[in-house]
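K.L.:
The sequence and its predicted three-dimensional model are supplied below.
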Amino acid sequence: MIFYKLQANGNDFIVFYNSQIPKKNIKNLCRNHFSIGADGIILLNKSKNYDLNMSIYNFDGSRAKMCGNGLKVAAYFLKNILQNKKDEYHILVNKNVKATVGYANSQYYAILDKPKFIKRVNNYYIYNVGNIHAIKLVDYISKSTLVNDKKNKEFDGMNVTNVALIDHKKAKILTFENGVGITNSCGSASLCTFQYLLDLNKVENKIEFLSLGGRYSVEKMCDKLCLFGRVNYVYKGELIDEY
């Protein structure tokens, strides 16, 4: 069975096309050092009404409801591996969330509806962009503080993010991703964080995020948000033994 390894800002994925992977094997495939290793697995399948149907699984084998970096990877896959020459592509995520993806100015992008604010929990603000994120503005980023905050039972099933503003155009960001842990970057968290900062009137129409996986940006486009960033092809492989 053929697979592809791709990464977007340090968020790496094992990608299968028109293939089904038993859920019990997903965790094993993602194990670093003992297998291929990745933050998650993306299943891309043909669709009658969309350019692709997309399903995402986390490192621990759980189903992810949304993945911004995964959508950028899907854009790369359509353009470079499937050689689809359209300007933009339409993807259905988990048979539920619609997204537009594409390539412009040497970067891949994913356009989604603006995240919706749900409620406030302590000093965190909860947003929904297909999956749920808890976000807090901090003076400086502390990995240990973020890990400790994630232990709050009220954040079960949520991604938890801390963001520290550098100025109104740039910010540092760190996310504890549900089912993964501290991650190099999280696209959906970045979309929710940008909306959070917009709601606080801390930023204007575009921001650059500095993450463990590098720099990328989010931009407001009318009633939608667009995540921009680079995607790298790591390698192509084949599963030939039991996995």
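P.N.:
Thanks, I have it.
K.L.:
Not counting sequence-adjacent ones, nearest residue to N123?
P.N.:
K136 (5.3 Å; Cβ to Cβ, 6 or more residues apart in numbering). All C-beta spots, glycine's among them, are computed from the backbone N, C-alpha and C.
K.L.:
roughly how far is the host helix or strand of that neighbour from the heart of the chain?
P.N.:
Assigned by DSSP states H and E, K136 falls within strand 132-137. Chain-centre distance of strand 132-137: 15 Å, with Cα atoms, centre = their mean, to the nearest Å.
K.L.:
got it, and stretch 133-140?
P.N.:
The answer for stretch 133-140 is 18 Å, by Cα atoms, centre = their mean.
K.L.:
pLDDT-wise, which helix or strand of this structure ranks last?
P.N.:
The weakest-scoring helix or strand in the chain, judged by mean pLDDT, DSSP states H and E, is helix 23-30 (a mean of 89).
K.L.:
next structured bit after the helix ranked longest in the chain?
P.N.:
Longest helix of the chain, by residue count under DSSP state H: helix 187-199. Going down the chain from helix 187-199, the next helix or strand is strand 206-211, by DSSP H and E.
K.L.:
what comes up buried for that next one?
P.N.:
207, 209-211 (16 or more other Cβ atoms under 10 Å).
K.L.:
what's the answer for stretch 100-115, then?
P.N.:
Buried positions in stretch 100-115, judged by neighbour count with 16+ other Cβ under 10 Å: 100-103, 107-112, 114-115.
K.L.:
distance between the ends of that stretch?
P.N.:
Length of stretch 100-115, first residue to last, Cα to Cα, to the nearest Å: 15 Å.
K.L.:
contact partners of that stretch?
P.N.:
Stretch 100-115 is contacted from outside by 8, 68, 71-76, 78-79, 87-91, 97, 99, 127-130, 133, 187, 191-192, 195, 221, 223-231, using Cβ atoms under 8 Å, 6 or more residues apart in numbering.
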